[in-house]
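S.K.: Everything below, folded, please.
(chains A, B, C and D)
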Protein chains: 2
Amino acid sequence: MSHYTDPFRGEFDSLEEFADRVSDVLQCPVTIEDANHRLIAYSAHDDYTDPARTATIISRRVPEKVINSLWKQGTIPALLKSREPVRVPPIPDVGLGSRVAVSIWKNDEVIGFIWVLETNRTLSPEEMEWLKLAAKTAKNKVLQLYMRKNKKEERVQELFWKLLTGHIATEDEIRAHLAAMQIPAAPQFAVVVFRFAADLTVEMERQISYLLQTTQQLPLLLYTTDGRDVILLAAPKTTDQPLKELNGFIESFAAKMKERFHIHDVQCGFGGVYGAYRFIEKSYREALAVLAFKEKFGDEIRSVYGYAQLGIYQFFDFLLEQKRQGEWANPALEKLQSYDRKHHSDLVKTFETFFDHNENVQETADALNVHPNTLAYRLKRITDIAEIDMTDMNQKIKLYIDIKLAKYEARG
Amino acid sequence: MSHYTDPFRGEFDSLEEFADRVSDVLQCPVTIEDANHRLIAYSAHDDYTDPARTATIISRRVPEKVINSLWKQGTIPALLKSREPVRVPPIPDVGLGSRVAVSIWKNDEVIGFIWVLETNRTLSPEEMEWLKLAAKTAKNKVLQLYMRKNKKEERVQELFWKLLTGHIATEDEIRAHLAAMQIPAAPQFAVVVFRFAADLTVEMERQISYLLQTTQQLPLLLYTTDGRDVILLAAPKTTDQPLKELNGFIESFAAKMKERFHIHDVQCGFGGVYGAYRFIEKSYREALAVLAFKEKFGDEIRSVYGYAQLGIYQFFDFLLEQKRQGEWANPALEKLQSYDRKHHSDLVKTFETFFDHNENVQETADALNVHPNTLAYRLKRITDIAEIDMTDMNQKIKLYIDIKLAKYEARG
DNA sequence: CCGGTTTTTGTGGATTTCCACAAATTAACC
DNA sequence: GGTTAATTTGTGGAAATCCACAAAAACCGG
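M.R.: Predicted structure coming up:
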């Protein structure tokens, strides 16, 4: 094929026009997406599209489950690796018919995709080459869009930082700014922070951004990064169980980071869920607090992400301060500790573990590798030595808190 | 009988001498006690005494169990009412042989007792009259002792107040003062405060003092009063389970106040058990804190006396302060509360009660008058509405604390 | 007042806890 | 090194919890 026969020569006013042209050439419906699978353009005069394409056009983004399938099935990894068109077998589960795709490149980076739906025909090898050519031709247009988006993105990030640091005071002012940036209002939201093992590289940032953009579990209003942190403003859809939603999102995000990009070691915390924008700063501080605690109490609160689930740790900073200045003694704990030292026993740890496991005898015994009766014996011993009443939740709680607080202090 | 034949005429150098004289006249062992059953004097040249008397002389006070028997059996009440001698049948349980007793009066107040042990004889009516006369004669001598004791008592009380208010700084200085007042050293102690319904009357003060003086459950180093408070420095004998000892003492004190003097409505609190005198002030403050909490959380901590048993309430003042200045929100609690308001339900109370009863299903269901399954249902409801995980002690504790804290704030 | 939802109570059975007692093992102290 | 005390493990039966399912009863919005 020579460039003399290039069917995509000439000027195109818009990407829509270009999509139509490609569609004309290949006699198939065509969709153009950016690197994050957001719809950029699509060919209009098609008689047939599959459900996946319809959904993509309606919501202006590829449905997440479709993206997931394409990842699992290997199409997207292939597109990210090679500039060659890739044929995608149908995936009826997600309403995806047979299609051919190619990635759009700028230097070494993929900045978009062209999808061709093979409705009632199969592309010939020559047509596949044309498609490749189309991808090259699309590059500049897509890039312009990219630049515009990036500019906007920068302004949005600046706004986000102002919110995170509490530099915009009134609710109305915040609303005005957000509206100006086309950021939709949300009845409630929380700041989510992902913290990686090391400072983010450009490559990682792209991968993260990709994951976040393609996530549809819950709307993400704002996004920025800071050193090794990725900071989001997430808006749970239900007022009913927002925490559940956030937890689900975080776990799936972490799972995907691992699966697709082999990045482990992602910590995460999110602050309180609030309904007024002026609490963004607070939610951010809380998210950071969660991360700080996770560093100190790694084991205990591994599966905790939300500030609300931090439970008693929420006021540990206060308590510690109190403990340090005042004479905060817990004779019960001291007695147990001195007993442990003297008899090389593990009463404190036993009690702590017992509570860590929700006072469940079986679980605790397993965790400590002892017989349930041993546990019972030790607990009875604790009641005697520490003079605490195991039927009095109040006293038990106090001891538990003091144990954890001592740990916190030691690691402080 | 005329006063011409008064066998107790003349001067006596000491009460010992007088006791011997009475013993000579009545041909029986004689013991003289003050109003609080402390030994003042006893006749020396007796061939036989019963175990109760021996014990009294050895420890310079009547054993508590003997006093208890004499109260139960009616002797002491009788002596406190009438100036007539009273015959006491033997009480073998406490080693008490048959005896005759008479009270020593000053105006309308009993200031002491004379006990005559009927070893191998029974006093004749005439001898009973002599005994009555002896009581009259003893009055002045006993009174002198009383005055001296009161003077000393005043100085001791002054010292106690200095300790309670932290006006003596160094440990050595405190030790010196206590030694000068003949107050024995103790390895550990706590400040105990009894609070009565109204300001103490002279009469009540005497009764309280009587009870405290005759208590031998644990040594009381210092004693004073303040409005409706009686303040003690108590020294538990065992370092092992001092709290148990203190609790026992308090409960028996309250029981006796009720039984013997029909005084109910005695609140009590005691501070931490410390080993250094400079902590007396702290222990006192803690005791007062316990009483303050008991006023607000009457039901919940009815059976709590010790600061150590206050558990989480210990840091409630502090938390409340935080809550009031910062924005301390618990979305979980708020959701529950709003649900309760909307549906006229009792989820918050249910959870609170559940924890008050140590997460015991049966007990809680009884306390709330509902079926155990109802309780289970409500708890499940709570997990959904408040989005808290009932298998996570940490979150449960946080909610519990916030519930109690809200209560505390409301009553603050 | 009706129809659907929420709440309460009931039943039964598998599982767990609780308790008391005892044997076996370990630690501690002359 | 031997003896006592402390700790761990085992056994068995009564009691309590947990769970699923279902029938009442109460509540609510139209």
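S.K.: and the residue nearest to residue A:383 when sequence neighbours are not counted, how far is that from residue A:400?
M.R.: Among residues not flanking residue A:383 along the chain, residue A:390 sits closest, at 5.1 Å (C-beta to C-beta, 6 or more residues apart in numbering or on different chains). All C-beta spots, glycine's among them, are computed from the backbone N, C-alpha and C. Counting by C-beta to C-beta, to the nearest Å, the gap from residue A:390 to residue A:400 is 12 Å.
S.K.: Of these two, give the one with the bigger neighbour count.
M.R.: Between residue A:390 and residue A:400, residue A:400 has the larger neighbour count (other C-beta atoms under 10 Å in any protein chain shown), namely 22 against 17.
S.K.: doesn't the more buried one fall inside a helix?
M.R.: Yes - checked against DSSP: H, G, I helix; E, B strand; the rest coil, residue A:400 lies within a helix.
S.K.: Could you check the pLDDT of residue A:2?
M.R.: With respect to pLDDT, residue A:2 scores 45.
S.K.: Show me what counts as buried in the longest helix along chain A.
M.R.: If you go by DSSP state H, chain A has its longest helix at helix A:125-164. By neighbour count on 16 or more other C-beta atoms under 10 Å in any protein chain shown, the buried set for helix A:125-164 is A:127-128, A:130-135, A:137-138, A:141-142, A:145-146, A:156, A:159-160, A:163-164.
S.K.: Please apply the same query to stretch A:90-98.
M.R.: Residues of stretch A:90-98 classed as buried: A:91, A:94-98 (neighbour count, 16+ other C-beta under 10 Å).
S.K.: what's the farthest-apart pair in those?
M.R.: Largest separation among the buried residues of stretch A:90-98 by C-beta to C-beta: A:94 and A:98, giving 13.2 Å.
S.K.: Now do the helices in the stretch 201-350 of chain A.
M.R.: All helices of the stretch 201-350 of chain A, identified by DSSP state H, counting those that start in this stretch, fall at A:202-214, A:242-261, A:280-296, A:316-325, A:331-343, A:347-356.
S.K.: Helix A:202-214 and the second one, what's the angle between them?
M.R.: Between the axis of helix A:242-261 and that of helix A:202-214 there is an angle of 130 degrees, by axes from the mean of the first three to the mean of the last three C-alpha atoms, to 10 degrees.
S.K.: that older thread, next one: the residue nearest to residue A:383 from DNA strand C, what distance?
M.R.: 9 Å (C-beta to the nearest atom of the strand, to the nearest Å).
S.K.: What confidence value was assigned to the residue in the stretch 51-200 of chain A that DNA strand C sits nearest to?
M.R.: With C-beta to the nearest atom of the strand as the measure, residue A:187 is the residue of the stretch 51-200 of chain A nearest to DNA strand C, at 20.4 Å. Confidence at residue A:187, expressed as pLDDT, is 89.
S.K.: Pull the contacting residues for it.
M.R.: A:235, A:239, A:275 (C-beta atoms under 8 Å, 6 or more residues apart in numbering or on different chains).
S.K.: Please apply the same query to residue A:156.
M.R.: The neighbourhood of residue A:156, defined by C-beta under 8 Å, 6+ apart, consists of A:181, A:183, A:222.
S.K.: and the contacts of residue A:187, which are buried?
M.R.: residue A:235.
S.K.: Reformat the contacts of residue A:187 as a markdown table; add pLDDT and distance to chain B.
M.R.: Below are those laid out as a markdown table (pLDDT from 0 to 100; distance: C-beta to the nearest C-beta, whole Å):
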| residue | pLDDT | distance to chain B |
| --- | --- | --- |
| A:235 | 94 | 16 |
| A:239 | 81 | 10 |
| A:275 | 89 | 10 |
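S.K.: Show me which of the buried residues of stretch A:90-98 is closest to residue B:269.
M.R.: residue A:94 (68.0 Å).
S.K.: I'd assumed residue A:65 was in contact with the closest one.
M.R.: Yes - proximity of residue A:94 to residue A:65 meets the contact threshold set by C-beta atoms under 8 Å, at 5.3 Å.
S.K.: Please name the nearest non-neighbouring residue to residue A:224.
M.R.: In space, and not counting its chain neighbours, residue A:224 is closest to residue A:157: 4.5 Å by C-beta to C-beta, 6+ apart.
S.K.: from the buried residues of stretch A:90-98, which ones fall inside strands?
M.R.: Among the buried residues of stretch A:90-98, the subset assigned to strands under DSSP state E is empty.
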